[in-house]
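1. okay, sequence plus prediction incoming.
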Amino acid sequence: MKSAVIVFPGSNREGDVVRALKMAGSQVEKVWHAETELPKGTDLVVLPGGFSYGDYLRCGAIAGRAAAMDAVRAHAARGGLVLGICNGFQILCESGLLPGILMRNANLKFICHRQFLRVERNDTAFTRNYAKGQAIDVCVAHGEGNYTADEETLKRLEGEGLVAFRYADAQGHITQDANRNGSMNSIAGIYSEKLNVLGMMPHPENLVESLVGGTDGRGLFESLVSSFPKAA
Amino acid sequence: MKARVTVTLKNGVLDPQGKAIEGALKSLGVEGIAGVRQGKVFDIELETADRAQAEASLKAACEKLLANTVIENYRVEIA
């Protein structure tokens, strides 16, 4: 399985996600945002976290219009997998690959802490190694993660089962306290209509080593790798 | 030719920054403020002297980048 991690000026989590992908068994190449094509045979595109273009204008707004994003859009249109984490989720929303937008956290604070998420479905390429309803322990680190969409979009996301993860407590219960950024319906991540694009604010790549306190993030990368037949 | 683009949040979109500013004004003792919504202003210099061309460029700028029309409205004024 081959992954391409797109790097923008101001990305800073590409190293972590490259490491998590390699640990899970993927080949990984970093791709500069000015490239107009993805490496041949790319199965998965990852937009990493960070502060592309210093969050100028709106988070992800400038990166969302980068040359490489045309190639990412074409990849997604072919059914290719795309994962956007944190700033990557913001970029996916700004580029039109996912609906809605990530607004300033409702409490106006940059939040940085461990966070449980409830896995809403486990029949996608991203979550097949988790159980449905499982509470996974990951991290959040963002100032603009307050998922917002108009009523119609929200209804469609819920109706079509496109919510990937919700902020939850350790038992997987959706509580007001767990939703610290104020996201609508406690949404932490969403899928595209065809379930091949996932955007999420939390960082699964942070927790892939017991040395740093947890390994619940591994499941996501291992799910992705196990979605592809092993190269001979 | 010069233009000013103003980008504001649509009605009904929660504006935590505007709310914080409103709160700060109250705590400073500034009276008579009923509400604050924060927006952005862009002063743009245009190469063309043709008004129609300028309008087309500015519309493209707003739609493609300056405003996220999911949550924001924009207004263009050409000087």
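-> Structure's in. What do you need? Numbering: from 1, shown residues only, chains lettered A, B, ... in the order given.
2. which residue ranges form the helices in chain B?
-> In chain B, the helices defined using DSSP state H lie at B:16-27, B:51-61.
3. now do the contacts for the residue located most distally from the centre of chain B.
-> Among the C-alpha atoms of chain B, the one most distant from their mean position (Cα atoms, centre = their mean) is that of B:Gly29, at 26.6 Å. By Cβ atoms under 8 Å, 6 or more residues apart in numbering or on different chains, the contact list for B:Gly29 is empty. Yep, even glycine has a C-beta here, placed from its N, CA and C like the rest.
4. near chain A, which residues of chain B? Just list them.
-> B:Val13, B:Leu14, B:Pro16, B:Gln17, B:Ala20, B:Lys64, B:Leu65, B:Leu66, B:Asn68, B:Val70, B:Ile71 (Cβ under 8 Å from any Cβ of the partner chain).
5. hmm, A:Asn107 and the fifth one touching each other?
-> No: at 9.9 Å, B:Ala20 and A:Asn107 do not qualify as touching, with contact defined as Cβ atoms under 8 Å.
6. how about low-confidence regions in chain A?
-> Residues of chain A that meet the criterion pLDDT under 70 lie in A:231-232.
7. next to chain B, which bits of it? Give me the list.
-> Residues of chain A lying close to chain B (Cβ under 8 Å from any Cβ) are A:57-58, A:61-62, A:65, A:94, A:99-101, A:103-108, A:146, A:148-150.
8. residue contacts, the residue nearest to A:Gly64 when sequence neighbours are not counted?
-> Distance criterion Cβ to Cβ, 6 or more residues apart in numbering or on different chains; nearest residue to A:Gly64, sequence neighbours excluded, is A:Glu94 at 3.3 Å. The contact partners of A:Glu94, taken as Cβ under 8 Å, 6+ apart, are A:Arg58, A:Cys59, A:Gly60, A:Ala61, A:Ala63, A:Gly64, A:Arg65, A:Ile101, B:Asn68.
9. give me that answer again for 6 Å
-> A:Gly60, A:Ala61, A:Gly64 (Cβ atoms under 6 Å, 6 or more residues apart in numbering or on different chains).
10. quick one, what contacts residue 8?
-> Using chain A. A:His33, A:Ser52, A:Ala63.
11. actually chain B
-> By Cβ under 6 Å, 6+ apart, B:Thr8 lies in contact with B:Gly39, B:Asn73.
12. can we see that at 10 Å?
-> By Cβ atoms under 10 Å, 6 or more residues apart in numbering or on different chains, B:Thr8 lies in contact with B:15, B:18, B:37-41, B:67, B:71-75.
13. report the buried members of those residues.
-> B:Asp15, B:Gly18, B:Gly39, B:Ala67, B:Ile71, B:Glu72, B:Tyr74 (16 or more other Cβ atoms under 10 Å in any protein chain shown).
14. and which of these is nearest chain A?
-> B:Ile71 (5.6 Å; Cβ to the nearest Cβ).
15. ok, A:Arg78 to A:Leu162 distance?
-> Per Cβ to Cβ, to the nearest Å, A:Arg78 is found 19 Å from A:Leu162.
16. between these two, which is the more surrounded one?
-> A:Leu162 (23 against 8; other Cβ atoms under 10 Å in any protein chain shown).
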